[in-house]
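Undergrad: coordinates only, sequence not included:
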């Protein structure tokens, strides 16, 4: 009488092999995602090679933003084209404890070549901010509310509207863009035109 054969083990080995393959696949996938996340993080640009003629072309899909002021790591950062101010601040390591976040619109879209200054709360001595230009004119794209209030007939309300317009619409392309700010007309613009620049 033939002896009964022991139960076959290949199906169990096969199940173990499939399980191990699935676990290995998940580990590899996790590693790939992690590497992608790390590569996607913005990093400061230490030196940019110049193209022929001294120009540094921006690759499509990226923009360069200079982040200054009350941030942990001020510097030049390369971000995605659809980046917002919050992305630039995050790339610079976040804000310091002294930052005045009420003075910036973190949801604003960024533009290539832009300089972002995160002001210090209360304008404390030593606060980082735009330096006054050599010609004494105020730069509409970097001036804070206090600097704008030094202009003739520009009080706190109008200065606040100028800053708000800039945060919502991006940089001023010309001094005439001030006409788009509510409360500024031709006459007021004529009175401050010589004291401002872009």
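TA: Sure, I can see it. Computed from a prediction, not measured in an experiment: that's the story for all the values here. Numbering: from 1, shown residues only.
Undergrad: just the element for residue 64, please.
TA: Per DSSP states H and E, residue 64 falls inside strand 62-69.
Undergrad: give me the residues contacting that strand.
TA: By CB atoms under 8 Å, 6 or more residues apart in numbering, the surrounding residues in contact with strand 62-69 are 45, 58, 74-81, 83, 88-89, 91-92, 99, 110-120, 127-129. Glycine gets a C-beta too; all of them are placed from N, C-alpha and C.
Undergrad: among these, name the ones in strands.
TA: 75-80, 114-118 (DSSP state E).
Undergrad: can you pick the most crowded of the residues you listed?
TA: residue 118 (26 neighbours; other CB atoms under 10 Å).
Undergrad: with adjacent residues omitted, what lies nearest to that one?
TA: Residue nearest to residue 118 in three dimensions, not counting chain neighbours: residue 69, with 3.8 Å by CB to CB, 6 or more residues apart in numbering.
Undergrad: pLDDT wise, what is that neighbour at?
TA: For residue 69, the pLDDT comes out at 85.
Undergrad: do the same with the one 10 residues further on
TA: pLDDT, residue 79: 92.
Undergrad: which strand residues bridge it?
TA: With DSSP bridges as the criterion, residue 79 is bridged to residue 63.
Undergrad: tell me the domain boundaries of this protein?
TA: 60-122, 130-198 (automatic domain parsing).
Undergrad: just name the most buried of these.
TA: Highest mean neighbour count among these (mean count of other CB atoms under 10 Å): domain 60-122, with a mean of 17.
Undergrad: and which of the ones in strands among the contacts of strand 62-69 is nearest to residue 183?
TA: residue 117 (24.3 Å; CB to CB).
Undergrad: quick check: closest non-adjacent residue to that closest one.
TA: residue 69 (4.3 Å).
Undergrad: now the one you found: how far from residue 166?
TA: 16 Å (CB to CB, to the nearest Å).
Undergrad: just residue 94 next, same as before
TA: In terms of CB to CB, residue 94 sits 23 Å off from residue 166.
Undergrad: show me the shaky parts of the protein.
TA: Applying pLDDT under 70 to the chain flags residues 1-16, 19-60, 123-135.
Undergrad: show me where it has helices.
TA: Here the chain has its helices, by DSSP state H, at 10-40, 85-91, 145-148, 156-169, 186-192.
Undergrad: what's the span of stretch 148-164, first residue to last?
TA: 12 Å (CA to CA, to the nearest Å).
Undergrad: returning to what we had before: and the residue nearest to residue 118, how far is that from residue 98?
TA: For residue 69, the distance to residue 98 - CB to CB - is 9 Å.
Undergrad: check residue 71 too.
TA: Separation of residue 71 from residue 98 (CB to CB): 10 Å.
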